[in-house]
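Engineer: Predicted model, plus sequence, below.
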Amino acid sequence: MSTSPGVGDAMPDIAMETPEGGSVKASDFVGQKLVVFFYPKDNTPGCTTEAKDFTALKSDFDKAGVALLGVSKDSAKKHQNFIAKHGLKTPLATDAEERGLSDALGIWTEKQMYGKTYMGMVRTTYLIGTDGKIAQVWNKVKVKGHAEEVLAAAKAL
């Protein structure tokens, strides 16, 4: 098994569907900084808080020249509902069911809850530099204060 990309590696260039029906991939952002935050599921408490926190800081990310992208394996339709329900300003994308970006990064993995084993997303955030390379990774993110921490790191990059 190959190791997952980390700091200093190029972000895998795997296309994901946008809620509007288009597609987006890391190479679309070369020349600007990019924050990609992966979260388990739309409309769950932690994921909603995280998306709202990034939305609240979106103008600060914009001023710093940093693009934002939230990613889960939820469908484009679910993303549309999530955006509308919570007034999200952060662009979202749907990762492929199989062999998607989260698979390539090693963050779509086996998880356990209540004795059941299932596949799920590990809440992880990537900061990508203007060169398309991963500059920083936050693994197993704790939501409180995370968006602010990422903003500070992005400004410092």
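Structural biologist: Looks like it came in fine.

Engineer: Name the residues that touch the helix or strand hosting residue 109?
Structural biologist: In this structure, residue 109 sits in strand 108-113 according to DSSP states H and E. Outside strand 108-113, the residues that touch it by C-beta atoms under 8 Å, 6 or more residues apart in numbering are 73, 95, 100, 102, 117, 118, 119, 120, 121, 122. All C-beta atoms are positioned from the backbone trio N, CA, C, and that covers glycine.

Engineer: Out of those residues, which end up buried?
Structural biologist: 73, 95, 100, 102, 120, 121, 122 (16 or more other C-beta atoms under 10 Å).

Engineer: Just the ones of these in strands?
Structural biologist: Mapping the buried ones among the contacts of strand 108-113 onto strands (DSSP state E) picks out 120, 121.

Engineer: out of the buried ones among the contacts of strand 108-113, who's nearest residue 50?
Structural biologist: Distance to residue 50 across the buried ones among the contacts of strand 108-113 (C-beta to C-beta) is lowest for residue 121, with 11.8 Å.

Engineer: The spatially closest residue to that closest one that is not a sequence neighbour: what secondary structure?
Structural biologist: Nearest residue to residue 121, sequence neighbours excluded (C-beta to C-beta, 6 or more residues apart in numbering): residue 40, at 4.5 Å. Taken by DSSP: H, G, I helix; E, B strand; the rest coil, the conformation at residue 40 corresponds to coil.

Engineer: Can you pull the phi and psi angles for residue 40?
Structural biologist: Here is the backbone geometry of residue 40 (degrees, to the nearest 10): phi -70, psi -50.

Engineer: and it, how far is that from residue 108?
Structural biologist: Look at residue 40 and residue 108: by C-beta to C-beta, to the nearest Å, they are 10 Å apart.

Engineer: Return the residues in contact with the residue nearest the centre of the chain.
Structural biologist: Centroid check for the chain by C-alpha atoms, centre = their mean gives residue 37 as the closest residue, at 2.2 Å. By C-beta under 8 Å, 6+ apart, the contact set of residue 37 is 50, 54, 68, 69, 70, 71, 123, 124, 125, 126, 141, 150.

Engineer: Appreciated, that's everything.
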